[in-house]
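Colleague: pasting the structure only:
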């Protein structure tokens, strides 16, 4: 290949990888989110440190995490109903502002030295309530920003963004805690919400692809659940994520024990392990952004790759092998999340998209209060390797659900369900069909 052709191929790859950033509204949102997400991860790290400083109790820390995630499990489906009823952009402005105020209050209480554990708990519940309503709106708003053709790329870039923030935010928080204090992390997070609110307010509304709000009516939550249950192209990825989200995504429980007890690598080794998974997620997200596909086949292949990577991580005899395995875990994890998210959004009826994405959020994060303790018990009885192995087995079972569903849908080829999936831009043999 000539140098000219090589340069042209590289430019084409770059355009595919970052295609969504060519959309001005998404570009604004991406920059605002980048700032806000770093602040959010700073707050998460600082909040954990604050709770441990006040109590010295890992149990208290677990209670605070549960208080923050339980509203997602209980209320996110209703958050999807609200997202379908209202202007999603305006709802996000209100909720992002509320989250900024929550961080500001926590920062002021901490800096003044008056913060108490019960106050942290109350504010954790407030943040969880905001997440339960904001996340379904944000997920379903993605399609309104970029359109169907660029959705998969936008979702993948968001996954990369989250993992970069996950690496940067806690590191910045650690420096600030050591130099100026914990409260400053909360105040910086509060200020970071200004960026995302400004990005939402300044969008060119004429360049959006708005979904008409669903009229207010009784039984809309039940209607959304019934719609998801009766639609194979919706319920299958949701079931797969619910299984994987409950048993495989509990790394905050399994990795510290794997580092300390199984690999005897200590805190430094744990840091390398989380970094390896983050780097793998970033690389995997960029690959998916450039070449990823939507549909049940890619979702199933991604979860199978996730199973293999988790099995390697469970069996790794040394830290070096573990780091390689966890990089693969990160890449496969992002591929599964991105392809599943995009598939659901393209397959969902526009009037149901908020409710469908709320169920996805519940399956991904709302299962933490259930899965965390379950994997904790498994690890306490059989060790961290078994905990990771249970996650791998969950991914294998999820892949089995996907394979079985693909066979049934192929047999029903030409049925109204297949026609609806095709019209939604989802191909259950592979890539999305052109919109």
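Modeller: Thanks, I have the structure now. Treat the numbers as computed from the prediction; the structure is a model and nothing was measured.
Colleague: Domain-wise, how is this structure divided?
Modeller: Under the assignment automatic domain parsing, the domains of the chain span 7-200, 219-429.
Colleague: Assign the residue nearest to residue 87 when sequence neighbours are not counted to helix, strand or coil.
Modeller: Spatial nearest neighbour of residue 87, excluding adjacent residues (CB to CB, 6 or more residues apart in numbering): residue 213 at 6.8 Å. Every residue, glycine included, has its C-beta placed from N, CA and C. Look at residue 213: counting by DSSP: H, G, I helix; E, B strand; the rest coil, its state is coil.
Colleague: what's the burial count for residue 213?
Modeller: If you count neighbours by other CB atoms under 10 Å, residue 213 ends up with 14.
Colleague: returning to what we had before: between the domains of the chain, which gets nearest to residue 209?
Modeller: Between residue 209 and the domains of the chain, the shortest gap by CB to CB is with domain 7-200, which sits at 5.0 Å.
Colleague: can you pull the contacts of the nearest residue to residue 270 once chain neighbours are set aside?
Modeller: In this structure, residue 270 finds its nearest non-sequential neighbour in residue 259, 3.8 Å apart by CB to CB, 6+ apart. The neighbours of residue 259, taking CB atoms under 8 Å, 6 or more residues apart in numbering as the test, are 265, 266, 267, 269, 270, 273.
Colleague: rerun that using 6 Å as the cut-off
Modeller: Applying CB atoms under 6 Å, 6 or more residues apart in numbering to residue 259 gives the contacts 265, 269, 270, 273.
Colleague: Phi first, then psi, for it.
Modeller: phi -70, psi -40 (degrees, to the nearest 10).
Colleague: follow-up on the earlier one: confidence-wise, which of the contacts of residue 259 comes last?
Modeller: Across these, the bottom pLDDT score, 78, is held by residue 270.
Colleague: Next one: it from residue 263, what distance?
Modeller: 9 Å (CB to CB, to the nearest Å).
Colleague: roughly how far apart are the residue nearest to residue 138 when sequence neighbours are not counted and residue 123?
Modeller: Closest residue to residue 138 apart from its sequence neighbours, by CB to CB, 6+ apart: residue 92 at 5.9 Å. Per CB to CB, residue 92 is found 20 Å from residue 123.
Colleague: Residue 171 too?
Modeller: 24 Å.
Colleague: quick one: which of the two has more around it?
Modeller: Neighbour count, other CB under 10 Å: between residue 171 and residue 123, residue 123 has more, with 21 against 16.
Colleague: Contacts only, for the more buried one.
Modeller: Here residue 123 is in contact with 102, 106 (CB under 6 Å, 6+ apart).
Colleague: and it, helix, strand or coil?
Modeller: Per three-state DSSP, residue 123 ends up helix.
Colleague: Give me the pLDDT for it.
Modeller: Predicted confidence (pLDDT) for residue 123: 95.
Colleague: Check residue 432 too.
Modeller: pLDDT, residue 432: 36.
Colleague: Kindly provide the whole-number mean pLDDT of the one helix or strand residue 173 maps to.
Modeller: Assigned by DSSP states H and E, residue 173 belongs to helix 151-179. Taken as a whole, helix 151-179 carries a mean pLDDT of 80.
Colleague: which stretches of this protein aren't confidently modelled?
Modeller: Applying pLDDT under 70 to the chain flags residues 1-14, 58-59, 62, 267, 292, 413-435.
Colleague: quick one on the thing from earlier: wait, doesn't the residue nearest to residue 87 sit right on residue 88?
Modeller: No: applying CB atoms under 6 Å, one finds residue 213 not in contact with residue 88, separated by 8.9 Å.
Colleague: Which parts of the stretch 51-200 of the chain are helices?
Modeller: Using DSSP state H, counting those that start in this stretch, the helices of the stretch 51-200 of the chain run over residues 58-85, 88-111, 117-146, 151-179, 183-201.
Colleague: And these: which comes nearest residue 365?
Modeller: Nearest to residue 365, of all the helices of the stretch 51-200 of the chain, is helix 58-85, at 5.4 Å by CB to CB.
Colleague: Check which residues of that closest one are buried.
Modeller: Residues of helix 58-85 classed as buried: 60-73, 75-85 (neighbour count, 16 or more other CB atoms under 10 Å).
Colleague: go on, stretch 222-238?
Modeller: 223, 224, 227, 228, 231, 232, 233, 234, 235, 236, 237, 238.
Colleague: Next, give phi and psi for the first one.
Modeller: Here is the backbone geometry of residue 223 (degrees, to the nearest 10): phi -60, psi -40.
Colleague: can you check residue 316 too?
Modeller: phi -60, psi 120.
Colleague: For it, list the residues it contacts.
Modeller: With the criterion set at CB under 6 Å, 6+ apart, residue 316 makes contact with 322, 325.
Colleague: dump the residue contacts of the closest residue to residue 35 other than its chain neighbours.
Modeller: The shortest distance from residue 35 to any non-neighbouring residue, by CB to CB, 6+ apart, is to residue 195 (3.9 Å). By CB under 6 Å, 6+ apart, the residues touching residue 195 are 32, 35, 36.
Colleague: what do you get for residue 92?
Modeller: 137, 138, 200.
Colleague: could you dump the residues you listed to CSV with neighbour count and distance to residue 106?
Modeller: Listed next are these as CSV, based on neighbours: other CB atoms under 10 Å; distance: CB to CB, whole Å:
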residue, neighbour count, distance to residue 106
137, 25, 23
138, 24, 22
200, 23, 23
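Colleague: contacting residues around stretch 233-249?
Modeller: Here stretch 233-249 has contacts from 228-229, 299, 340, 343-344, 347, 356, 359, 363-364, 367, 370-371, 390-391, 394-395, 397-398, 401-402, 405, 421, 426, using CB under 6 Å, 6+ apart.
Colleague: Thanks again, I'm all set now.
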